[in-house]
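J.: below: sequence and its predicted model.
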Amino acid sequence: MRLGRAKFVIFLLSLSVTCTAPSLLAKKKQDNDATATTDPKRALHALNRLTFGPRPGDLQKVMAMGANQWIDLQLHPERIDDSAINTRLEPLRTLRMSTKEIAQEFPDPQEINQVMNGKRPMPSDPARRAIFEVQLARLQDRKERAREEKDRKQDASKNGDSAAAPGKASNDGSPMNGGMNSGSVSNEAAGINNSGDSENTMSATAAPAKLSPEEEEQARRREEQLYTDLEVQQLPSLSPDQRYKKILGMSPAAQVAVADNLRGGKGQEFLEGMAPKQKETLLAMNNPGGVITSELVQAKLLRAIYGQRQLEEVMTDFWINHFNVFVDKGLDRLMLTSYERDVIRPHALGRFEDLLAATAKSPAMLFYLDNWLSVGPNSPQALGLPAHPSGRYYPPRPRPNQGKRTSGLNENYGRELLELHTLSVNGGYSQRDVTEVAKVFTGWTIDKPAEGGGFKFDPRTHEPGQKFILGKRIKPKGEREGSELLHRLATSPQTAHFISLKLAERFVSDEPPPALVDRMARTFLKKKGDIREVLSTLFHSPEFWDDAAYRAKVKTPLEFVASAVRATAAEVDDALPLTRQLNNMGMPLYGAQPPTGYSMKADTWVSSSALLNRMNFALALTGGKVKGIRLDVAQIAGNNPAPADTASALTTLEENLIVSGVSKQTHDSIVAQIEEAGKNAAPAKLENKAGMRKPDNVTRAPDASAIAGLLLGSPEFQRR
């Protein structure tokens, strides 16, 4: 079906920006938990805000339980059985590995170079060895090609224009680039025995052609390549286990060929039937770090789509964005798995101070904002003083005849701690405060980061002496200076207001009511930063249930993709294609490079190109064209019995996918698209009892897939 998507997207763009939320929640009474009933619009609002979107049957469950009771349950995820998600995450082994284990099994380029240079032994484990061998073979090949290219240019420069071009015969008639002279072949190359009389075995005028060392190497490579190709071609005929064992026993050249065939998401059939560790090993032969990232983003999507503890997932996503770490900053690729699992998720609904302290000591944050390299200008290391056996600090001493020294002080973490993590950009601090905060956190570093080490305090790099921050003194006490400052920041009224504002922006609107934010901030201070209590204040506030809050938020790409899959009850066999869709929409998971993370506000995500990408995804999803995703649109359209005409299908899909229905504008626009696609020239425009147009082609078999896709791209579905 060919659809006028550009016109429809322009309509969606104007409608999504200008439409106001319908007055569906005005002055709704609190649901009566005693009778376990609730208004469906109230239940839908709760689902849209506390989850990644309702799945079929969720609305009925919330209505049966009562919205307030359901919200309280989501605030206590430990009471919710979420064991089913573990089955889906089981194949993703890196999720359960420590950073040290990840570093050992999925080496970074630095470790590979160390093995090549003999500074580290080659692993003895066959799987890990195969990963190293492929990376080393590729690295060696690149170096050889670079050297050959350099030699060729030098020879050409020496010989001038008379130098023979590659593949051409030189002036003396000798073969070049593996070619042979006048079709003659050496007896050795032809396998002829020359042990007899030379006069009987060769012409007196034709001497055997002698290959140069370069030509011999090229011939060897060609022979090796033929053998490699034959080995690789035989692999598909083997069982998965035999195939894997065969690959581990291959030469590095053959392993490189196998890895090349698995690049770019290829070779899923080739990997079918292998154990998770086997798949990881073969994929790591291509890109070790890519395996870690791939499993991390898959897990995020699977949890968002299938997790029962939805509020915990939403809050984990909120905090991983608030305390953003960029996955492609060097070693952070190794550290992000532990960062989300051990730092963010356990504290997502706990005390803010505990979360803040955990992020401050996280190797992922220390590496991302370079604090692990920060050295105090008057620290023992900067002054070149020896370590004291007691571990005490040396006082700074004047050093005569010393030029100006670079302090090595890094202010990145100090600045983001104040501006993004706690007080906000308007928090009342100065540049001097930033510098003093940076001094406090000198010595907070990582123990052997390339090997997956954890937090370490190094007194030799810590700046001695007292610090003054925001008008208050911090006495010199080493590592405890940082802990004291974090406590001050976590309990600050400015921090309470800033965190409350960001939570209200996520759950209420892009510009939440100031009275609500102030009330949340008071709870924050009274309950000592208990995030669960702050959220409870928010969810039970009249502002949360007000008309202005209903469908006031535009979904981010992650929220849109996850909610579309949830709404259609699609089965995800492979989540990677969904991550590529997010890349197209401008939101690669863990891919926000600046410390600010991704914006939660509509103006970042609402544009004609962005909505076109969303529409294309929606139509591809419902049309069964997203690999790894299985979807039964007929079931969504109501196959008991299936709608006989397009009008019925549209009505049913509106009720099932949007739940609360769509506006007359959206309905009529979709009808127009259906008519254009069906090329129906009938002039009659029928209307139903609600005054909504019915499509002219009422007798045609309904294209439920296209209708569902258009509905997922509608303004009502784009909002939550």
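T.: Received, thanks. Numbering: from 1, shown residues only.
J.: please report how far the closest residue to Glu90 other than its chain neighbours lies from Val291.
T.: Leaving aside its sequence neighbours, Glu90 sits nearest to Pro276 (CB to CB, 6 or more residues apart in numbering; 7.6 Å). For the C-beta atoms, the positions are set from N, CA and C on the backbone; glycine is no exception. Taking CB to CB, to the nearest Å as the measure, Pro276 falls 11 Å from Val291.
J.: okay, the two: which has more neighbours?
T.: Each of Pro276 and Val291 has its neighbours counted (other CB atoms under 10 Å); Val291 has more, 25 against 13.
J.: helix or strand: which one has the more buried one?
T.: Using DSSP states H and E, Val291 sits in helix 288-306.
J.: Leu612 too?
T.: helix 608-622.
J.: pull the contacting residues for Ser362.
T.: Ser362 sits next to Met335, Ser338, Tyr339, Val343, Phe455 when contact means CB atoms under 8 Å, 6 or more residues apart in numbering.
J.: can you add pLDDT, distance to Ser374 and secondary structure and give those residues back as TSV?
T.: Putting the contacts of Ser362 into TSV (pLDDT from 0 to 100; distance: CB to CB, whole Å; DSSP: H, G, I helix; E, B strand; the rest coil) gives the following:
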residue	pLDDT	distance to Ser374	secondary structure
Met335	97	18	helix
Ser338	98	22	helix
Tyr339	98	19	helix
Val343	98	20	helix
Phe455	98	14	strand
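J.: please spell out the ChimeraX selection for the buried subset of those residues.
T.: Here is the ChimeraX command that selects the buried residues among the contacts of Ser362 (16 or more other CB atoms under 10 Å):
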select :335,338,339,343,455
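J.: tell me the one among the contacts of Ser362 nearest to Glu479.
T.: Phe455 (9.7 Å; CB to CB).
J.: so who does the residue lying closest to Asp447 once chain neighbours are set aside touch?
T.: Distances taken as CB to CB, 6+ apart place Gly453 nearest to Asp447, at 3.5 Å, with adjacent residues excluded. When contacts are counted by CB under 8 Å, 6+ apart, Gly453 touches Thr99, Lys100, Pro363, Ile446, Asp447.
J.: surely the third one touches Lys456?
T.: No. Between Pro363 and Lys456 no contact is recorded; they are 9.3 Å apart, counting by CB atoms under 8 Å.
J.: any shared contact partners between the two?
T.: With CB under 8 Å, 6+ apart, Pro363 and Lys456 have common neighbours Ile446.
J.: and Gly428, how far from Leu369?
T.: Taking CB to CB, one finds Gly428 at 22 Å from Leu369.
J.: looking at the two, which one has more neighbours?
T.: Per other CB under 10 Å, whichever of Gly428 and Leu369 has more neighbours is Leu369, with 24 against 12.
J.: might one say that that one is in contact with Pro595?
T.: Yes. Assessed by CB under 8 Å, Leu369 is found in contact with Pro595 at 7.0 Å.
J.: which neighbours do those two share?
T.: The contact sets of Leu369 and Pro595 overlap at Glu416 (CB under 8 Å, 6+ apart).
J.: let me see the contact set for Gly586.
T.: Gly586 makes contact with Pro557, Trp605, Ala610, according to CB under 8 Å, 6+ apart.
J.: count the residues that sit near the second one.
T.: It refers to Trp605. So Trp605, with other CB under 10 Å, has 23 neighbours.
J.: relative to Lys527, how far out is it?
T.: Taking CB to CB as the measure, Trp605 falls 33 Å from Lys527.
J.: so the residue nearest in space to the middle of the chain versus Phe318, what's the distance?
T.: With distances taken as CA atoms, centre = their mean, Leu589 lies nearest the centre of the chain, 2.6 Å away. According to CB to CB, Leu589 and Phe318 sit 14 Å apart.
J.: and the helix or strand harbouring Thr651, what does it pack against?
T.: Per DSSP H and E: Thr651 is located in helix 646-653. Applying 3 or more CB pairs under 8 Å, 6 or more residues apart in numbering; DSSP states H and E, one finds that helix 646-653 contacts helix 664-678, helix 704-712.
J.: in the last one, which residues are buried?
T.: By 16+ other CB under 10 Å, the buried positions in helix 704-712 come out as Ala704, Ser705, Ala706, Ile707, Ala708, Gly709, Leu710, Leu711, Leu712.
J.: and the residues you listed as JSON lines, adding distance to Met250 and pLDDT?
T.: Formatted as JSON lines, the buried residues of helix 704-712 follow (distance: CB to CB, whole Å; pLDDT from 0 to 100):
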{"residue": "Ala704", "distance to Met250": "49", "pLDDT": "83"}
{"residue": "Ser705", "distance to Met250": "44", "pLDDT": "88"}
{"residue": "Ala706", "distance to Met250": "48", "pLDDT": "89"}
{"residue": "Ile707", "distance to Met250": "51", "pLDDT": "88"}
{"residue": "Ala708", "distance to Met250": "47", "pLDDT": "90"}
{"residue": "Gly709", "distance to Met250": "45", "pLDDT": "92"}
{"residue": "Leu710", "distance to Met250": "50", "pLDDT": "92"}
{"residue": "Leu711", "distance to Met250": "51", "pLDDT": "92"}
{"residue": "Leu712", "distance to Met250": "46", "pLDDT": "94"}
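J.: appreciated, that's everything.
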